[in-house]
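> test case, fold it:
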Amino acid sequence: MTSTLGVETRTERHWRLRDVLCALTGVVALALAVGAASTVSLPVDIDLGLVAVLPYPFWVGVLLLNVAFVVALRGDAAGPARRPVMIWLLVVLVLVLFGTAAFVTDVPRGEVSFRHLGIADALARTQGIDPAIDAYFNWPGFFALLATVLGATGLDPVTLALWAPVLNMGLWLANDDLGRLQTDLQAMADPRSDTKAAMKAFINAPLHPTDDLTLLLVRRCLH
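This is a model prediction of the structure:
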């Protein structure tokens, strides 16, 4: 029996070929998207914006990423792809969807980014809050935090604003889905609860419209 358990443990540690191919497909998809986006000529004077001028290798990368997701989620007789593969594909998806602009230009889109940076800079310079200046100064917590982060890290404000969509999405995913996952796993670990019933309820619970791809991936991993 001990030898059988040892064989099963070693088998679980080995990555299946499908998992490796899905992970490599994610690498190729990201490389295609980044490479294609970096070739876009500025300025973009089309009403549809960036999406209308991205070259075809970008869309090939998007297609490959979707294929990798389908293969990883469907799995095989042994189940879906490993969790690190799911997480890696999700990271690539976030970078492609929210980071493409950062590969095209080094200037944030829209005036809102510069407005926020200006408010943070004003708070850092004056060390005070004057609600009479602008309505934004009536809720200065975010801007004070932004000023503190910039001052403590020495990051370039424009670069931080450029990558803010990626950072915001990463923080949102971590806070929303990992928090809910931790709660469900704690419930399943409670010795007073029926672990099998709790696991089944978590996996088979209907998806809410606000649920996102991360929760779907987690449920598929546990299925």
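> following the helix or strand of the chain with the lowest mean pLDDT, which helix or strand comes up?
The weakest-scoring helix or strand in the chain, judged by mean pLDDT, DSSP states H and E, is helix 2-13 (a mean of 43). Per DSSP states H and E, the first helix or strand lying C-terminal to helix 2-13 is helix 17-37.
> okay, buried residues for that next one please.
18-19, 22-23, 25-26, 29-30, 32-34, 36-37 (16 or more other Cβ atoms under 10 Å). All C-beta spots, glycine's among them, are computed from the backbone N, C-alpha and C.
> by pLDDT, rank the residues you listed and give me the bottom one.
Among the buried residues of helix 17-37, Arg18 carries the weakest pLDDT, at 86.
> who's in contact with that one?
If you count contacts by Cβ atoms under 8 Å, 6 or more residues apart in numbering, Arg18 has them with Val71, Ala72, Gly75, Asp76, Ala81.
> which ones among the residues you listed map onto helices?
Using DSSP state H, the subset of those located in helices is Val71, Ala72.
> among the contacts of Arg18, which ones are buried?
Of those, these count as buried by 16+ other Cβ under 10 Å: Val71, Ala72, Gly75, Ala81.
> the first one contacts Ala23, correct?
Spelled out, it's Val71. No - the criterion here is Cβ atoms under 8 Å, and Val71 misses it with Ala23 at 11.1 Å.
> between these two, what contacts are shared?
Counting by Cβ under 8 Å, 6+ apart, nothing touches both Val71 and Ala23.
> ok so, going back, ok, which pair from the contacts of Arg18 is furthest apart?
Largest separation among the contacts of Arg18 by Cβ to Cβ: Ala72 and Asp76, giving 10.5 Å.
> in this protein, where is pLDDT below threshold?
Applying pLDDT under 70 to the chain picks out residues 1-14, 176-223.
> ranges for the helices of the protein?
Along the chain, the stretches classed as helices by DSSP H are 2-13, 17-37, 56-74, 83-98, 100-104, 112-126, 141-153, 157-189, 195-204, 213-222.
> and of those, who's closest to Asp134?
Using Cβ to Cβ as the measure, helix 112-126 is the one of the helices of the chain that comes nearest Asp134, at 7.3 Å.
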